[in-house]
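K.L.:
Need a 3D model of the sequence below.
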Amino acid sequence: QVLTLSLLMYPVLRSLALQLHSAVTGSYISGTHSIAFINCLNEQIAKDIARAIMDKKRAANVNILPKSLALYFWKGELEESTEILLLVKTRTSKIGELSNYVRSIHPFEIPEIISLPIDQGNPLYLKWIEESVPRD
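P.N.:
Coordinates of the predicted model:
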């Protein structure tokens, strides 16, 4: 039980340590923020999901990228479709919450919701993300 509790607490303790380090040194800690990629069937769905994400303050910014061609296997068959891609900038600590929320409103059976940590960037922009997305 102690090991399980320790593993469950690790992300929380790591996040607190990173916040303390960042506050003391004034420097950006790699991975504090992330970009989530979310695919959508069409522009209207993309706008609706982007607006819902912003209304819930789960991101600082969402870019809606134009149509792209997607090839993928679905139920054993090679499929081809056009998709709209959302680029969502948020706190890494909010990715789980963001993913759960998007899955609850997305029309796809299995929506693509993946994220990558932001390694470095414009310090003022990264600070703006921090200020735009509430901690809890």
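
K.L.:
for the chain, what spans make up the strands?
P.N.:
33-40, 61-74, 77-91, 113-117 (DSSP state E).

K.L.:
which residue packs closest to Arg103, ignoring adjacent ones?
P.N.:
Nearest residue to Arg103, sequence neighbours excluded (CB to CB, 6 or more residues apart in numbering): Pro111, at 6.3 Å. Every residue, glycine included, has its C-beta placed from N, CA and C.

K.L.:
What is the burial count for the one you found?
P.N.:
Pro111: 16 surrounding residues under other CB atoms under 10 Å.

K.L.:
How about the one 4 residues further on?
P.N.:
Neighbour count of Ser115, defined by other CB under 10 Å: 19.

K.L.:
pLDDT below threshold where in the protein?
P.N.:
For the chain, residues meeting the criterion pLDDT under 70 lie at 1-26.

K.L.:
Who is the residue most central in space within the chain paired with across the strands?
P.N.:
When CA atoms, centre = their mean is applied to the chain, the residue found nearest the centroid is Ala36 (3.4 Å). As for beta bridges, Ala36 partners with Val88, Ser115 under DSSP bridges.

K.L.:
hang on, it packs against Thr92?
P.N.:
No - the criterion here is CB atoms under 8 Å, and Ala36 misses it with Thr92 at 9.8 Å.

K.L.:
overlap in contacts of these two?
P.N.:
Ser115 (CB atoms under 8 Å, 6 or more residues apart in numbering).

K.L.:
His106 is in contact with Ala52, correct?
P.N.:
No - Ala52 is beyond contact range of His106, at 9.8 Å (criterion: CB under 8 Å).

K.L.:
With Pro111 as the reference, measure out to Ile64.
P.N.:
According to CB to CB, to the nearest Å, Ile64 and Pro111 sit 15 Å apart.

K.L.:
One more: Pro66?
P.N.:
For Pro66, the distance to Pro111 - CB to CB - is 19 Å.

K.L.:
care to break the chain down by domain?
P.N.:
Using the TED database, the domains assigned to the chain come out as 1-30, 31-132.
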